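*Asks:* here is my input; please provide its structure:
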Amino acid sequence: ERIAREGGRVIASDISGSRLESLVAEHQELRILPVAGDIGLEDTVQRVVSAAGDVIHGLANVAGIMDDFTPVHEVSDAVWDRVFHVNVAGVVRLMRAVVPIMLAAGSGSIVNVASEAGLRGSAAGVAYTASKHAVIGITRSSAVMYGPRGLRVNAVAPGPVRTNIA
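*Replies:* Got it, this is the predicted structure:
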């Protein structure tokens, strides 16, 4: 909201079209363009980038889902795959799509939302914890690789936050 209030154009993406509609309706005076879809899918990523246009100054990778708090010997393939699809593949696919645009411009900022689960092992189940460790690794690697080329890549690792994920 702050970026939009300060004149920026914001592309908001969510798997829930109704949540996006509510967001846009609540902030009609702002330039928020909704793109509904699964951020882990290349088609959704391409629609987000297309909506953004030729100039992308920043990317906030906020999308995330929680696991079912299962340990490694109990985690199902379905939970593991779904959590990594959103929490890791979505981050990588969005970054892969916007980094070339930012590199061409010589600047850009990416903020990935990790979690305290990416810093310790007692905040969630194995799938979520491993996915957020992966986000931190992706962020660190990208910061080293792209920092000298004008891109800032950072992560935040919040503790419990009131969201719609359960």
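
*Asks:* what pairs with the spatially closest residue to residue 17 that is not a sequence neighbour across the strands?
*Replies:* The spatial neighbour of residue 17 that comes closest, neighbours along the chain excluded (C-beta to C-beta, 6 or more residues apart in numbering), is residue 36 at 3.9 Å. Yep, even glycine has a C-beta here, placed from its N, CA and C like the rest. Beta-bridge partners recorded for residue 36 (DSSP bridges): residue 14.

*Asks:* identify all contacting residues around the longest helix belonging to the chain.
*Replies:* Ranked by residue count under DSSP state H, the longest helix found in the chain is helix 126-146. Outside of helix 126-146, the residues within contact range by C-beta atoms under 8 Å, 6 or more residues apart in numbering are 61, 65-67, 70-72, 75, 79-80, 83-84, 87-88, 91-92, 95, 99, 102-103, 110, 112-115, 117-119, 121, 123-124, 151-155, 157.

*Asks:* of the residues you listed, which belong to strands?
*Replies:* Counting by DSSP state E, the part of the contacts of helix 126-146 found in strands is 61, 110, 112-113, 151-155.

*Asks:* out of these, which end up buried?
*Replies:* With burial judged by 16 or more other C-beta atoms under 10 Å, the buried subset of the ones in strands among the contacts of helix 126-146 is 61, 110, 112-113, 151, 153, 155.

*Asks:* next up, phi/psi of residue 69, please.
*Replies:* Note on residue 69: backbone dihedrals following degrees, to the nearest 10 are phi 60, psi 30.

*Asks:* how far away is residue 85 from residue 15?
*Replies:* Remark: distance between residue 85 and residue 15 (C-beta to C-beta, to the nearest Å) = 11 Å.
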